[in-house]
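# My questions concern the predicted model and sequence given below.
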Amino acid sequence: MTKLLMIHPEKCTGCENCVLACSFHHEKDFRPAATRIHVFTWEREGISVPMMCQQCGDAPCIKVCPTGAMHRTTGAGVVDWDTKKCIRCRMCTQACPFGNAVYDVLTNSILKCDECQGDPACVRMCPNKALDFIEDTISTRSSTKAFASKFKEAFQEVK
Amino acid sequence: MQLAYFANLRDITGLSKQTWNLNGGTIGKLIGELCGTYGTQFKHWVLKDDGSLGELCIILVNGHDIRELNGLATQLHPEDEISFFPPVAGG
Amino acid sequence: MNGWTGTTLRVNLTNGDISKEPTNMENARNFFGARGLGTKILYDEVDPKVDALSPENKLIFAPGPLTGTFGPSVGRFNVVTKGPLTGAIAASNSGGSFGPEMKFAGYDMLIIEGKSKKPVYLWINDDQVEIRDAGKIWGKEVPDTTDLIRAETDEGAKVACIGPAGEKLVLFACIMNEMYRAAGRSGVGAVMGSKNLKAVAVVGNHPVVVADAKAFEAAVMIARAKIQANPVGGAGLKAYGTDVLVNILNQVGSLPARNFHDGHFPTADKIGGESLSKNVLVRPKACFSCIISCGRVSKVTNPKYAGEGEGPEYESAWGFGADCGIDDLDAITKANFICNELGLDTITMGTTIACAMDLFTDKIITEKNTDGIPLHFGDAETMVKLISMTGRREGFGDQLAEGSYRLAKKYGHPEYSMTVKKQEMPAYDPRGVQGIGLNFATANCGAAHVRGYTIAPEVLGNPFKVDQHTTDGKPALVKTFQDLTAALDSTGACLFTTFGIGAAELAAMLSACTGIAYSTEDFMKTGDRIWNLERLWNLKAGFTKADDTLPDRVLKEPIQTGPSKGDISHVGVMMPEYYKLRGWDEDGVPTEVKLRSLALL
């Protein structure tokens, strides 16, 4: 079974511990521009949403890459990036429909989520359980259940 | 006597206040009766596993913290007002 | 450089000079950053007798060495300057994300000097720093200012700015960041306005580096676990916010009501955290790197007071609420929104209105003085109306804009002002809680609760319980809390981390971060050093032991109703022991021996 990184934006408080954890895990220092997880906060509405590479099954970044630097090892979940093959054309950053592949000037590299070898640092550090690394078969269960509960409460009131 | 509940103790008991007839006794006796009515969720906030007063609860009798009175052995009277707070803070 | 960036940015608005200088590492070592480092600079560079609103005053923004890392809730910074409200040192603390972004841009401190001839804002784009014209933004409220500046600079820029209140030099104007977080007290926003500086926008791409990554991560995980295991830090604050305090302070009879005429407010439940959660709360919010999430995103749908934003916090809800005799939560929440939009300190605003209501009730001022507006305790609509007037210095608002001390003094009755060193006491009655009264009287920035938050042990029982009504042991308790807080503030950590951790855990994180081995003793001693340096500066500014006291009302008029009925403050009894423990002489002046022991001589 494959595991997926799921987001629960309704639980996100905009603290960006995930951003710091990602930067620290990969670079051993703290630089939000070096993150593979991006958090957008709308202050007036008080809403924050975390976003990271979706590891698309049919990935546009792989299709567009001229050297095979963006690739998927057979059977693996993650879309991987090979720095040795990469020519820094940055076509992948333009192909991703979500903007989840980013070019970092300081390290001259493409930043995209690699799920931290199966133990995502962002999931570990999120204090609000807004991020989940969960089996694909049950990944949406908590969201479905949360909404289904509203029906349960409505029906319970009707005698 | 008048009991008042605050913060999440209101969610656990479903009430913000109630009248209670203790028929004499201590805070310890009152808590025992309340735990019987409201169950383990209430008990969790008020008592430690060994039955001693939990660190997680502020209990006032007529505005005075029972830790400055006689703890669980504080004697209660019919006109007393007892307030129950889970850990709260601000600044 | 580990923890610190090693660079301090200095901007002179009079001649437009922008310079980068190496951060003085001996100062950093001895004072950490944020409050401590800013205080050291103010001490070395600013004459304590300057006019706070003159170009000679300096405005210092400083995050701490931990700021920008993933320590739990360590994303804070201080604004250090001479406070216009008090004439004392001001070190206003704030959350949000401005402090971390200063570190990512590569700066330990921003020192602003002089005065610009025209309204400007500062744009710190990593290594490139510019002073830009703010003519089109001057006059705008805080949220619009933030959006407009982002449109001209970077959509992701963090913006610290003033609203109309700072521009109009309201003596308690504040500096806001990320729209709803405030460097609130003592009028730091007016200093910014006096320099014609509308905002500072910052974006950065430098890494914040720690000395020992492995040890730092380990220390952080220990600290996180302790905070998360603490019922307050781990759950309570997120569920109810700080406003949950209203009911507990009221139940112990120490919730000041109607300008401190009483210590109990019968309808307090309507304005507490339980009511807030039910009626105006939308969701919790966190500052950068915070795991506690005490922030409240809130909304009022009642058309009379409709609005959106964040808050109210406990002291704000109290100031507009019980202190004014008001129990309308919608009005109180709206009052908080307006303060955020105009850039006003909610505590001083609420308590100044309460003072005005008190003066009016006793016919010391009349409709002739107040533009025909009657000022009665309990009048929520008028309370809300007065805030907009104050923020723009319109009509009677111009008098309120001076704060309660100058207002009451103007009409010949300064004793109606519930202030210490001209700054208003917040939401804890010093008659019912002896230790916090001693803290109010001795805090170097004027009356303030966070400087030595002894409410935690005295009322909440966190981390241990002491009797709120006694004076025994309180001088030592107050000193310990004051020293710990001064050191904590100077690392960039949030005070709420103390619901879970203490000096030991903070010292461990700081050591692994900076590469300097600080013990718990070093940590507390640094706090003591910072406290004494603030004190020295204030003494040179002209403060004396006569200023280390509380208003007559709380010394002489007992609380009228409730569980603390009959209590008064015994701060005078505690003061000599406090001075002695501090190593000061009978006049409250630090002795040579004391200063030498702190390496301040």
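Nice, I can see it.
# contacting residues for the nearest residue to residue A:68 once chain neighbours are set aside?
Nearest residue to residue A:68 in three dimensions, chain neighbours excluded: residue A:85, at 5.7 Å (C-beta to C-beta, 6 or more residues apart in numbering or on different chains). Bear in mind the C-beta positions are built from the backbone N, C-alpha and C, glycine included. By C-beta atoms under 8 Å, 6 or more residues apart in numbering or on different chains, residue A:85 lies in contact with A:67, A:68, A:69.
# with those residues in mind, which one is nearest to chain C?
Each of the contacts of residue A:85 was checked against chain C using C-beta to the nearest C-beta; the closest is residue A:69, at 23.7 Å.
# What is the burial count for the residue in chain B positioned nearest to chain C?
Nearest residue of chain B to chain C, counting by C-beta to the nearest C-beta: residue B:63, 2.1 Å away. Neighbour count of residue B:63, defined by other C-beta atoms under 10 Å in any protein chain shown: 18.
# For the residue nearest to it when sequence neighbours are not counted, list the residues it contacts.
Leaving aside its sequence neighbours, residue B:63 sits nearest to residue C:563 (C-beta to C-beta, 6+ apart; 2.1 Å). Each residue near residue C:563 by C-beta under 8 Å, 6+ apart is listed here: B:60, B:62, B:63, B:64, C:251, C:252, C:253, C:264, C:432.
# just those residues now: which is nearest chain A?
residue C:251 (29.6 Å).
# Thought residue B:59 was touching the closest one, still the case?
No: using C-beta atoms under 8 Å, residue C:251 makes no contact with residue B:59, being 10.4 Å away.
# More neighbours: which of these two?
Between residue C:251 and residue B:59, residue C:251 has the larger neighbour count (other C-beta under 10 Å), namely 27 against 22.
# Let me see the contact set for the more buried one.
With contact taken as C-beta under 8 Å, 6+ apart, residue C:251 is in contact with B:4, B:6, B:60, B:63, B:83, B:85, C:563.
# Restricted to helices, list those residues.
Judged by DSSP state H, the contacts of residue C:251 include no members of helices.
# Need those in CSV (columns: pLDDT and distance to residue A:7).
As requested, the contacts of residue C:251 are exported to CSV (pLDDT from 0 to 100; distance: C-beta to C-beta, whole Å):
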residue, pLDDT, distance to residue A:7
B:4, 97, 40
B:6, 95, 34
B:60, 96, 43
B:63, 95, 46
B:83, 96, 41
B:85, 93, 35
C:563, 95, 48
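# Most neighbours among the residues you listed, which one?
Of those, with other C-beta under 10 Å as the count, residue B:85 tops at 27 neighbours.
# Identify the bridge partners of it.
Listed by DSSP bridges, the beta-bridge partners for residue B:85 are residue B:58.
# In chain B, where's the longest helix?
Longest helix in chain B, counting by DSSP H: helix B:27-46.
# For it, what is the distance to the chain centroid?
8 Å (C-alpha atoms, centre = their mean, to the nearest Å).
# residues of it that come out buried?
B:27-31, B:34-35, B:38, B:42-46 (16 or more other C-beta atoms under 10 Å in any protein chain shown).
# Among those, which pair sits farthest apart?
Largest separation among the buried residues of helix B:27-46 by C-beta to C-beta: B:29 and B:44, giving 19.1 Å.
# Residue C:103: what's it in contact with?
Taking C-beta under 8 Å, 6+ apart, one finds C:5, C:63, C:67, C:68, C:204, C:206, C:208 in contact with residue C:103.
# Go again with 7 Å.
For residue C:103, the contact set (C-beta atoms under 7 Å, 6 or more residues apart in numbering or on different chains) comprises C:5, C:63, C:67, C:68, C:208.
# a markdown table for those residues, including pLDDT and distance to chain B?
Below are the contacts of residue C:103 laid out as a markdown table (pLDDT from 0 to 100; distance: C-beta to the nearest C-beta, whole Å):
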| residue | pLDDT | distance to chain B |
| --- | --- | --- |
| C:5 | 98 | 29 |
| C:63 | 98 | 20 |
| C:67 | 98 | 19 |
| C:68 | 98 | 23 |
| C:208 | 98 | 26 |
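# Mind checking which of these are buried?
C:5, C:63, C:67, C:68, C:208.
# now, which of those residues lie close to chain A?
Restricting the buried ones among the contacts of residue C:103 to those within reach of chain A (C-beta under 7 Å from any C-beta of the partner chain) leaves C:68, C:208.
# Do I have it right that residue C:318 meets residue C:427?
Yes: using C-beta atoms under 7 Å, residue C:318 is in contact with residue C:427, at 3.6 Å.
# Neighbour count: those two, which is higher?
A count of neighbours by other C-beta under 10 Å puts residue C:318 above the other of residue C:318 and residue C:427, at 34 against 29.
# Let me know the pLDDT of the residue nearest the centre of chain A.
For chain A, the residue nearest the mean C-alpha position is residue A:52 (2.4 Å; C-alpha atoms, centre = their mean). What the model reports as pLDDT for residue A:52 is 96.
# Beta-bridge partners for it, please?
The partner residues for residue A:52, given DSSP bridges, come to residue A:37.
# gap between it and residue A:120?
9 Å (C-beta to C-beta, to the nearest Å).
# shared neighbours of the two, which are they?
Taking C-beta under 7 Å, 6+ apart as the criterion, residue A:52 and residue A:120 both touch residue A:5.
# interface residues of chain B facing chain C?
Counting by C-beta under 7 Å from any C-beta, the residues of chain B that sit close to chain C are B:6-8, B:10, B:56, B:58, B:60, B:62-65, B:67-68, B:83, B:85-91.
# residues touching residue 114, list them.
As the question left the chain open, I've gone with chain A. Counting by C-beta under 7 Å, 6+ apart, residue A:114 touches A:78, A:80.
# Chain C was what I was after
C:12, C:13, C:14, C:55, C:195.
# what's the closest non-adjacent residue to it?
Closest to residue C:114 by C-beta to C-beta, 6+ apart is residue C:14, at 3.2 Å.
# Next: residue C:110.
Closest residue to residue C:110 apart from its sequence neighbours, by C-beta to C-beta, 6+ apart: residue C:61 at 4.3 Å.
# which SSE is that neighbour in?
Taking DSSP states H and E as the criterion, residue C:61 maps to strand C:59-63.
# and that strand, which strands flank it?
strand C:77-82 (antiparallel), strand C:109-113 (antiparallel).
# quick one, phi psi at the closest residue to chain C within chain A?
Closest approach between chain A and chain C, counting by C-beta to the nearest C-beta: residue A:46, at 3.0 Å. With angles defined as degrees, to the nearest 10, residue A:46 sits at phi 70, psi 40.
# separation between the closest residue to chain A within chain B and residue C:230?
In chain B, the residue found nearest to chain A is residue B:11; the distance is 15.0 Å by C-beta to the nearest C-beta. Here residue B:11 is placed at a distance of 20 Å from residue C:230 (C-beta to C-beta).
# neighbour count winner among those two?
A count of neighbours by other C-beta under 10 Å puts residue C:230 above the other of residue B:11 and residue C:230, at 24 against 13.
# Go ahead and confirm that one touches residue C:500.
Yes: counting by C-beta under 7 Å, residue C:230 touches residue C:500, with 3.9 Å between them.
# hang on, the earlier thing: give me the distance between the residue of chain B closest to chain C and residue C:3.
Per C-beta to C-beta, residue B:63 is found 46 Å from residue C:3.
# Then residue C:461?
34 Å.
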